[in-house]
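> could you work out the structure for the sequence below:
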Amino acid sequence: MHEGATSNDAADFELTPSAESRGVSLVADAHVDDQRLSLSIYQAIFEHSLDGVMFTAPDGRIFAANDAACLLLGMTEDEIIAAGRDGIMDPTDPVWDDAVQQRRRDGQMRAKLRVRRGDGTVFLAEVASVIFEVDGEARACVFVRDTFVQPPVSHRHFAKVDTPGGPEHDFGVFLETLSPREQVVMAYLGTSMTYRDIASELCISPNTLKSHVKAIYRKLGAESRSDALAKARAVARIA
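You can find the predicted model right below:
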């Protein structure tokens, strides 16, 4: 204590924050502000996104679903949470397993997957997901968008028609000869996507995709992609 200073003066001096501690406090305040900004941004995305957004766990639990997800799936948020991943995925779509494995390996994934609505109908959705940590717990954000591409998942969507030179045919009979993976590939053949792009979307190698395509050609008696589509459309009466 310097000469002339009282004990109260010393106490006041010792309680005065140092420049270093003031800097730490400012950094902490800035960090809190950043967290609040981040939370408000995430909240805005969750509430106002036109795509379905769900906050989940890697094990398939669902903690929250936005209004767009509820509308897309035809379910309430409580129903989606209760259903979990197993309740909204199409169990006949093998691409789901590949996508989940890719996310586990890479921390993220993007794929077109068959998703099941609350009424049991199935649609092809573009699904993107990334894993992150919250307080040391692994969590995932899942974005779901209806591609408006109707995959040939059930024979009920196709009419019976008489083809030239042959008896009445039901396209569902043809579909039943395809494996679940081939049915998914068949849906993509009608798009403008290249084989490499399709393989990337389905999380499989180009060679594996070619094997599926060859199997489809063989079952349709087709020689090429355009030939396969033409024969499929002739039988199923789809434009």
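> pretty sure Ile131 sits in a strand.
Yes: remark: Ile131 belongs to a strand, assigned using DSSP: H, G, I helix; E, B strand; the rest coil.
> give the buried residues for stretch 130-137.
Under the neighbour-count criterion of 16 or more other Cβ atoms under 10 Å, stretch 130-137 has Ile131 buried. C-betas here are computed from N, CA, C, even on glycine.
> return the distance of Leu209 relative to Met193.
11 Å (Cβ to Cβ, to the nearest Å).
> more neighbours, the two?
Legend: neighbour count by other Cβ atoms under 10 Å for Leu209 and Met193, higher for Leu209 (21 against 14).
> tell me how far the more buried one lies from Gly190.
15 Å.
> next one: Arg114
Separation of Arg114 from Gly190 (Cβ to Cβ): 16 Å.
> packing partners for the helix or strand hosting Phe123?
Using DSSP states H and E, Phe123 sits within strand 122-134. Under the contact criterion of 3 or more Cβ pairs under 8 Å, 6 or more residues apart in numbering; DSSP states H and E, strand 122-134 touches helix 95-106, strand 108-116, strand 137-146.
> for Ala228, which of these is the nearest?
Among these, strand 108-116 comes nearest to Ala228, with 19.2 Å by Cβ to Cβ.
> and the angle for the closest one with helix 95-106?
Orientation note: strand 108-116 sits at an angle of 160 degrees relative to helix 95-106 (axes from the mean of the first three to the mean of the last three Cα atoms, to 10 degrees).
> for strand 108-116, name the packing helices and strands.
Using 3+ Cβ pairs under 8 Å, 6+ apart, the elements in contact with strand 108-116 are helix 77-88, helix 95-106, strand 122-134, helix 180-189, helix 195-201.
> go again using 6 Å as the cut-off
Strand 108-116 is packed against helix 95-106, strand 122-134, with contacts defined by 3 or more Cβ pairs under 6 Å, 6 or more residues apart in numbering; DSSP states H and E.
> now the shortest one: average pLDDT?
For helix 95-106, mean pLDDT rounds to 92.
> give the buried residues for it.
By neighbour count with 16+ other Cβ under 10 Å, helix 95-106 contains the buried residues 95-96, 98-100, 102-103.
> for stretch 65-72, same thing?
Neighbour-count burial for stretch 65-72 flags 65-66, 68-70, 72 (criterion: 16+ other Cβ under 10 Å).
> for the chain, which spans come out with low pLDDT?
1-42, 44, 148-176, 180, 233-239 (pLDDT under 70).
> and it, what are its domains?
Listed by automatic domain parsing, the domain ranges of the chain are 1-48, 49-146, 155-236.
> including distance to Asp78, could the helices and strands packed on strand 108-116 go into JSON lines?
Putting the helices and strands packed on strand 108-116 into JSON lines (distance: least, Cβ to Cβ, whole Å) gives the following:
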{"stretch": "helix 95-106", "distance to Asp78": "23"}
{"stretch": "strand 122-134", "distance to Asp78": "21"}
